[in-house]
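*Asks:* Generate coordinates for the sequence data below:
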Amino acid sequence: MLDHEAPYKVREWSSVLTALFCSLLLFGCGRGQQSLPSAVPEVATVTVQPQELVLTTELPGRTCPYLVSEIRPQVNGIIQKRLFTEGSDVKANDVLYQIDPAPFQAALDSARANLAKSEANLPVTRLRFERYKQLLAEKAVSQQDYDDREAALKQAEADIEYCKAAVDTARINLDYTRVTAPISGRIGKSNITDGALVTAYQALPLATIQQLDPIYVDVPQSTSDLLRLKRRLEDKRLHQNGTNQNSVKAILEDSTEYPLNGSLQFRDITVDPTTGSVVLRAVFPNQEGVLLPGMFVRAVVIEGTNEQAILIPQQAVSRDPKGNPVTLIVDAEEKIQQRRLTLDRAIGDKWLVSSGLAPGDRVVVEGMQKVRPGASVRVTPFDPALTAEREPENSSRSTRKAN
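*Replies:* Coordinates of the predicted model:
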C-alpha cells in the first residue's frame, strides 16, 4: 500500500516546490521593477524672445560705368597724331587726336575775307541810300529808285551777317580738328592710328572713355519679391523708417565684401518681359578702381526693419511626412507639444519664423529624438557654446572609428 502511493506523493511535492519557486521569482522581479524609477528625458530649450531685426536681401548684379563717352570726329580729315596713352586716365577737354587743320584754316581765312569785303561795301551803300532819301523828298528821284537803294542797303547788311556766320562755322570746324575728351575718366584702346582717314560722325568710335568713380551697380529684382515686400510693408510687418534704408553693400566675385557702402538710387518701373524683373540701381564710390565695368557682384539691399522678429536655431526645425516645417515646444505642464511653422528665410544658423510661435514659447533644440508629443520632460537651457564643444569631440571620435 505504501509502495503503491509513493510515486504520487513525490509528484505532488515536486509540483508544490515548482509553484513556490515561480512565486518567489515573480515576487523578486516585481520588487526589482519597483526599485527602478522611470527616467524622464531631458531636453534643451530656448525661450522665444522677439527682437528688432534689419532684413536684407542678396541679389546678383553687374557694374556699369557712371558715364560713357564714345569719341567720334565731327569733321573729315587725316589723323596727324594721337595725343593720349591707351588705358590712362584723361580729364575733360584734354586733346586726344589732332586732325590736319590746314584745309579748315584756309576755309576760316576765306570766310574772314568775305566778311571784310561785305563790311567794306556797307558804308557806300548806306550813303547812297541816304542821298536817295533826300532826293525823294525833293521829288528829284522816283519812288522806284529809292526802293532799289533801300533794298541794296538791306542786302549789304544781310551779307555781313551771312559772312559772320560763315566765319563762325569755319572757326568751329577748325576747333573740331582738335578732338577733345568730353568727360573725365579712363580711356580704352584707340581704334585708329596716325595717318588714318576719318569722317564726321562715323559709326566706329575713335576711342571710348568711361568714368569709374563713382560706378553703378545694376541689380535685377523679381516682381514677385517686389510684391511680397510691398505686402509686408502694408501689413506693418516691415518698416522703412531707418536712416540707412538706402545703404547697399557689395560682395565681390571672390566672396569678399567691398569695403565701401553704396546708396540705392532708384527702382525702375519697367518690367523686363523676358525675366520678369525690375532693375535696382545703386552707386558706389570707386576711388581705388577695384570695381570694373561688367564685373559680377552680389548686392545686399535693405528691405526694412522687423521690430518683432522671432529667430530659432535651425536644428530646432524638422519636417513632417508632408514636408511642412514643424518644431517641438514644452508647455506649462512640462509636456511636449508639436507646432507647425511658417518660415520666412534663413539668417545665419537660424530660421526667421513668420507664424507658429509666440513670445515665451520654449522651443526644443536638443533631445528631440528622445521625446514625442505629450511626453513629460525635464527642461534645461540650451547652451550653444557647449554644443560647439561637443561637435569637435564627436568628429574626432568618428575619425578614430573610421581609422
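*Asks:* Make sure Ala107 is actually in contact with Ala170.
*Replies:* Yes: using CB atoms under 8 Å, Ala107 is in contact with Ala170, at 4.6 Å. Glycine gets a C-beta too; all of them are placed from N, C-alpha and C.
*Asks:* Now do the shared contacts for these two.
*Replies:* With contacts taken as CB atoms under 8 Å, 6 or more residues apart in numbering, not a single residue reaches both Ala107 and Ala170.
*Asks:* biggest strand in the protein by residues?
*Replies:* Ranked by residue count, the top strand of the chain under DSSP state E comes out as strand 51-71.
*Asks:* Output the contacting helices and strands for that one.
*Replies:* Applying 3 or more CB pairs under 8 Å, 6 or more residues apart in numbering; DSSP states H and E, one finds that strand 51-71 makes contact with strand 185-187, strand 207-222, strand 277-284, strand 296-313.
*Asks:* for the shortest one, which positions count as buried?
*Replies:* The neighbour-count criterion (16 or more other CB atoms under 10 Å) identifies 185-187 as the buried residues of strand 185-187.
*Asks:* Same check on the third one?
*Replies:* Counting neighbours by 16+ other CB under 10 Å, one finds that the buried residues in strand 277-284 are 277-282, 284.
*Asks:* returning to that earlier point: can you list the strands that the very next helix or strand once past the longest strand of the chain pairs with?
*Replies:* Counting by DSSP states H and E, the next helix or strand C-terminal to strand 51-71 is strand 77-82. Note on strand 77-82: by DSSP bridges, its sheet partners are strand 95-99 (antiparallel), strand 197-198 (antiparallel).
*Asks:* Next, format the buried residues of strand 185-187 as a markdown table and append pLDDT and distance to Glu303.
*Replies:* A markdown table is the format used below for the buried residues of strand 185-187 (pLDDT from 0 to 100; distance: CB to CB, whole Å):
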| residue | pLDDT | distance to Glu303 |
| --- | --- | --- |
| Gly185 | 93 | 34 |
| Arg186 | 93 | 35 |
| Ile187 | 94 | 39 |
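*Asks:* out of all of them, which helix in this protein is the longest?
*Replies:* If you go by DSSP state H, the chain has its longest helix at helix 102-137.
*Asks:* so for the helix or strand just after that helix, what's the average pLDDT?
*Replies:* Per DSSP H and E, the first helix or strand lying C-terminal to helix 102-137 is helix 143-176. Per-residue pLDDT values over helix 143-176 give a mean of 92.
*Asks:* Can you give me the domain boundaries for this structure?
*Replies:* Domain assignment for the chain, taken from automatic domain parsing, gives 43-53+309-393, 54-65+212-305, 73-99+177-204, 101-176.
*Asks:* Now do the end-to-end distance for the second one.
*Replies:* It stands for domain 54-65+212-305. Taking CA to CA, to the nearest Å as the measure, domain 54-65+212-305 stretches 4 Å from start to finish.
*Asks:* Relative to the whole chain's centre, how far out is that domain?
*Replies:* Centre-to-centre, domain 54-65+212-305 and its host chain are 3 Å apart (CA atoms, centre = their mean, to the nearest Å).
*Asks:* Stretch 358-367 too?
*Replies:* On CA atoms, centre = their mean, the centre of stretch 358-367 falls 36 Å from the chain's centre.
*Asks:* which residues are in contact with that stretch?
*Replies:* Counting contacts by CB under 8 Å, 6+ apart, the residues outside stretch 358-367 that touch it are 41-50, 310, 312-313, 315-316, 327-330, 336, 339, 357, 371, 377, 379, 382, 387.
*Asks:* Ok, stretch 280-298 next?
*Replies:* Residues outside stretch 280-298 that contact it (CB under 8 Å, 6+ apart): 58-66, 210, 212-221, 248, 250-253, 258, 260-268, 299, 301.
*Asks:* where in the chain is pLDDT low?
*Replies:* For the chain, residues meeting the criterion pLDDT under 70 lie at 1-38, 233-245, 386-403.
*Asks:* separation between the residue nearest to the spatial centre of it and Thr63?
*Replies:* The centroid of the chain falls nearest to Ala299 when counting by CA atoms, centre = their mean (3.2 Å). Distance, Ala299 to Thr63, by CB to CB, to the nearest Å: 10 Å.
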